[in-house]
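S.K.: following is a predicted model, sequence given first.
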Amino acid sequence: MLLAIDVGNTHIVFGLYQGKHLRHHWRLRSNRATTADEVGVFLGRLLRGIGNPSISGVAISSVVPPLTQVLVEMSQQYLKQAALVVGPGVTTGMPILYDDPRQLGTDRLVNAIAAYERTKGPTIVVDCGTATKFEYVNGAGEYLGGAIAPGLGIASDALSERAARLHRVELVRPPKVLGRNTIHSIQSGLIYGYASMLDGMVARIRREHDAKARVVATGGFSTLLVPATESIEIVDEFLTLDGLRLIYERNIGQ
């Protein structure tokens, strides 16, 4: 079985694949001080809980450099596997038309690959995570570029930290756009405001490139924001993991 590991700024997500099927998944906080032994013990307990399946490959996408080597060492020591780390020299199957491809975050590329594999046409990817990211892939399967904005969680934290009389609120969708109290007003500004940004950015990307581009969303805040949008068609919480599976297959074989 393939173990796909997505190392983000907030969480490390583990996905266990049997062929093309995601059989199990787990989430661990991205603690930059963690060690290979700590991750190995954590993962070992989880694997024993599902019958200790045989791991035949490991693929890693990471935007947290200190944790990349930790996961590589964990894979070698505890799984006896040399991990495939997405980066320079790895076959992706997608031309990158970025000014400097080395500046493109691997999570952004992996998401673009997985989304294009699903649509097989012009595609906009919206990642509602720690940062809110937009990617565009044209009909020929070429990555053209994207945009990055602060994520919903960052905006919520900044609002409560920088405004003395505005307190942190639960991130849930309020009953109406116009709040009748401060809690609902903050929730509306965050949820509906970000949903409007997603729709607005999608509209601008479509005007610049292809009006019929499909829109695929992922990320921890996607289930909260997407119902308030009008442009997003597909939501896949595990889009990054699936992209890792595809890249592993293109490099190692099925």
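M.R.: All right, it came through fine.
S.K.: buried residues of stretch 123-141, list them for me.
M.R.: 123-138, 141 (16 or more other CB atoms under 10 Å). In short, each C-beta sits where N, CA and C put it, glycine included.
S.K.: could you give me the average pLDDT of it?
M.R.: Stretch 123-141 carries an average pLDDT of 97.
S.K.: how far is it from where the chain is centred?
M.R.: Centroid displacement of stretch 123-141 relative to its chain, using CA atoms, centre = their mean, to the nearest Å, is 10 Å.
S.K.: ok, stretch 146-154 next?
M.R.: 12 Å.
S.K.: could you give the mean pLDDT of that stretch?
M.R.: 96.
S.K.: now swap in stretch 238-251 and tell me
M.R.: According to the model, stretch 238-251 has a mean pLDDT of 96.
S.K.: what does stretch 178-190 give?
M.R.: 95.
S.K.: in that stretch, which residues are buried?
M.R.: Those buried within stretch 178-190 under the rule 16+ other CB under 10 Å are 179, 184-190.
S.K.: out of those residues, the closest to residue 66 would be?
M.R.: residue 190 (30.2 Å; CB to CB).
S.K.: leaving out sequence neighbours, find the closest residue to that closest one.
M.R.: Nearest non-adjacent residue to residue 190, counting by CB to CB, 6 or more residues apart in numbering: residue 156, 5.7 Å away.
S.K.: likewise for residue 245?
M.R.: Counting by CB to CB, 6+ apart, the residue nearest residue 245 is residue 17, at 5.3 Å.
S.K.: count of residues packed around the one you found?
M.R.: When neighbours are counted by other CB atoms under 10 Å, residue 17 registers 22.
S.K.: dihedrals phi and psi, it?
M.R.: phi -110, psi 140 (degrees, to the nearest 10).
S.K.: pretty sure it contacts residue 1?
M.R.: Yes - taking CB atoms under 8 Å as the definition, residue 17 is a contact partner of residue 1 at 6.2 Å.
S.K.: only alpha carbons, please: show the helix or strand bottoming out on mean pLDDT in the chain as CSV.
M.R.: Ranked by mean pLDDT, DSSP states H and E, the weakest helix or strand in the chain is helix 152-162, scoring a mean of 92. Taking Å, rounded to 0.1, in the frame of the first residue of the first chain, the C-alpha atoms of helix 152-162 are listed here in CSV:
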residue,chain,number,x,y,z
LEU,A,152,-9.8,32.4,6.7
GLY,A,153,-8.2,31.3,10.0
ILE,A,154,-5.4,33.9,9.6
ALA,A,155,-8.0,36.6,8.9
SER,A,156,-10.0,35.6,12.0
ASP,A,157,-7.0,35.6,14.2
ALA,A,158,-5.8,39.0,12.9
LEU,A,159,-9.2,40.6,13.5
SER,A,160,-9.3,39.6,17.1
GLU,A,161,-5.7,40.4,17.8
ARG,A,162,-5.6,43.9,16.1
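S.K.: tell me, what's touching residue 17 and residue 1 both at once?
M.R.: Contact with both residue 17 and residue 1 is made by residues residue 23, according to CB atoms under 8 Å, 6 or more residues apart in numbering.
S.K.: same for the longest helix along the chain, what does it pack against?
M.R.: Taking DSSP state H as the criterion, the chain has its longest helix at helix 182-208. On a contact count with 3 or more CB pairs under 8 Å, 6 or more residues apart in numbering; DSSP states H and E, helix 182-208 meets strand 123-128, strand 131-137, helix 152-162, helix 222-225.
S.K.: lovely, talk soon.
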